[in-house]
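# quick one: sequence plus predicted model below, questions after.
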Amino acid sequence: MGSSYTIGRIAGVDLKMHWTFLLLLAWVAYRDWTYGGPVAAAVGLAFVLAIFGCVVLHEFGHVLMARHFGITTRDVVLLPIGGVARLEYFPTKPRQELLIALAGPAVTLAVVAVLYVLLSVVGAGPMGVGSLMTFGRGFLANLLVVNVYILVFNLIPAFPMDGGRVLRAILASRMGFVRGTRTAATVGKGIAVLFGLYAMFGGPTTNWFLLMIALFVFTAASGEAASVEARARHDRYPPVNP
């Protein structure tokens, strides 16, 4: 991925940061400094870095499960909208793709469980279902809420997000890899359009973060579907009904 810089290496995999991630950090620092001075800016940056620490754990769930099936990972790249584990390839066997896709959300679920137990032990107050979706209860509680949102959002069946890859794995087991990809990509692009419309017209101002996600999902779904179709034409995959 262009304009990405290596910031570390974990389990033999390069961890990279896209240059736009620095824009996110600069914006958070400026926003919080404006509202609360240097202390608020430091806390805001620490919170963003904690979130992306959880994102890295999520991505390495994918990495380690892929490694279990003999698939190497080129790198993990941090973007303002999240992280991307760039595997050498995704398997055409539905079971393998299903497990790789679910490994990231499984790690995020574990992070949620650990934070929930920690907050319960330190006496942060009752942790009902409503509190898992509500901000404003402190640093760790807010980090818990963010991870709940990460978990739920990633399971939306918008290919090539985790939920979309789960959908492709299920479809591929029934209709073959190429048709499964084609259908999952169509669903993903449809959801991306809905995201984009909601981002632009669902509130008093444009939700630029959601709009970026919509553009990423639509572009990535289109690109991966086209790549699979092209390889299928060169007999890289078993023939399937059109």
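That came through, no problem. Numbering: from 1, shown residues only.
# any stretches of this structure with poor pLDDT?
1-2, 123-133, 234-242 (pLDDT under 70).
# okay, helices next: where are they in it?
19-68, 94-121, 139-154, 162-175, 177-201, 208-233 (DSSP state H).
# dump these into JSON lines; add mean neighbour count and distance to residue 77 as well.
Placement of C-beta: from N, CA and C, glycine included. Compiled in JSON lines, the helices of the chain are given as follows (neighbours: other C-beta atoms under 10 Å; distance: least, C-beta to C-beta, whole Å):
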{"stretch": "helix 19-68", "mean neighbour count": "16", "distance to residue 77": "9"}
{"stretch": "helix 94-121", "mean neighbour count": "18", "distance to residue 77": "14"}
{"stretch": "helix 139-154", "mean neighbour count": "19", "distance to residue 77": "16"}
{"stretch": "helix 162-175", "mean neighbour count": "21", "distance to residue 77": "16"}
{"stretch": "helix 177-201", "mean neighbour count": "19", "distance to residue 77": "20"}
{"stretch": "helix 208-233", "mean neighbour count": "17", "distance to residue 77": "12"}
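# domain parsing for the protein?
Domains of the chain are assigned by automatic domain parsing as 1-155, 156-242.
# sorry, back to before: JSON lines for the helices of the chain, including distance to residue 78?
Below are the helices of the chain laid out as JSON lines (distance: least, C-beta to C-beta, whole Å):
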{"stretch": "helix 19-68", "distance to residue 78": "5"}
{"stretch": "helix 94-121", "distance to residue 78": "14"}
{"stretch": "helix 139-154", "distance to residue 78": "14"}
{"stretch": "helix 162-175", "distance to residue 78": "17"}
{"stretch": "helix 177-201", "distance to residue 78": "21"}
{"stretch": "helix 208-233", "distance to residue 78": "14"}
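# out of those, which gets nearest to residue 88?
Smallest distance to residue 88 across the helices of the chain (C-beta to C-beta): 8.4 Å, for helix 19-68.
# other SSEs contacting the closest one?
Where contact means 3 or more C-beta pairs under 8 Å, 6 or more residues apart in numbering; DSSP states H and E, helix 19-68 is packed against strand 4-10, strand 13-18, strand 73-79, strand 82-87, helix 94-121, helix 139-154.
# recalculate using a threshold of 6 Å.
When contacts are defined as 3 or more C-beta pairs under 6 Å, 6 or more residues apart in numbering; DSSP states H and E, helix 19-68 sits against strand 73-79, strand 82-87, helix 94-121, helix 139-154.
# which of these sits closest to residue 175?
Closest approach to residue 175 among the helices and strands packed on helix 19-68 (C-beta to C-beta): helix 94-121, 10.4 Å.
# quick check: angle from that closest one to helix 19-68?
On the basis of axes from the mean of the first three to the mean of the last three C-alpha atoms, to 10 degrees, helix 94-121 is oriented at 110 degrees to helix 19-68.
# what angle do strand 82-87 and helix 94-121 make with each other?
Using the same axes, to 10 degrees: helix 94-121 against strand 82-87 is 140 degrees.
# how far off centre is helix 94-121?
Helix 94-121 has its C-alpha centroid displaced from the chain centroid by 13 Å (C-alpha atoms, centre = their mean, to the nearest Å).
# and for stretch 180-200?
16 Å.
# for that stretch, which outside residues touch it?
158-159, 164, 167-168, 171-172, 206-207, 210-211, 214, 217-218, 221, 225, 228 (C-beta atoms under 6 Å, 6 or more residues apart in numbering).
# so what sits opposite residue 17 in the bridge?
Under DSSP bridges, the beta-bridge partners of residue 17 are residue 5, residue 78.
# what's the local residue count around it?
When neighbours are counted by other C-beta atoms under 10 Å, residue 17 registers 20.
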